[in-house]
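A.B. asks: The sequence and its predicted three-dimensional model are supplied below.
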Amino acid sequence: MLSVQESIGMTWFEPPHQQDKELDLKELIQKMSQIMDLLKEDRKQSHKENQKLMAEKETAEKAQAAAKGAHQQTSLFGPLAFQTP
């Protein structure tokens, strides 16, 4: 994944006081807007990933509960639970 500097075309770092001298106000606002857009996109992506992980966790918890319930049910009846009459 590209860093914020690479994404907005700043592949080198200069101290803020020198950067400000080189950028006029319009360019500075444009760069800040690009940074904000990247941060918003990153937040959306993180939210999607978080939702996906939460859904996977919920599915795993349900499967674990079902397996535990099945194990407890077979434990109650022992080996006779699998014999056919």
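C.D. replies: Everything's here; your move.

A.B. asks: drop to CA atoms for contacts and neighbour counts, all remaining ones
C.D. replies: OK.

A.B. asks: how about the helices of the protein, start to end?
C.D. replies: Listed in chain order, the helices of the chain (DSSP state H) span 4-7, 16-22, 25-77.

A.B. asks: With mean pLDDT and mean neighbour count as new columns, can these be given to me in CSV?
C.D. replies: Below are those laid out as CSV (pLDDT from 0 to 100; neighbours: other CA atoms under 10 Å):
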stretch, mean pLDDT, mean neighbour count
helix 4-7, 61, 13
helix 16-22, 60, 10
helix 25-77, 90, 12
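
A.B. asks: how near is residue 51 to residue 45?
C.D. replies: Note on residue 51: its distance to residue 45, by CA to CA, to the nearest Å, is 10 Å.

A.B. asks: Repeat that for residue 74.
C.D. replies: 44 Å.

A.B. asks: One more: residue 55?
C.D. replies: According to CA to CA, residue 55 and residue 45 sit 15 Å apart.

A.B. asks: what does residue 24 give?
C.D. replies: Using CA to CA, we find residue 24 at a distance of 32 Å from residue 45.

A.B. asks: One more: residue 57?
C.D. replies: When distance is defined by CA to CA, residue 57 is 18 Å away from residue 45.
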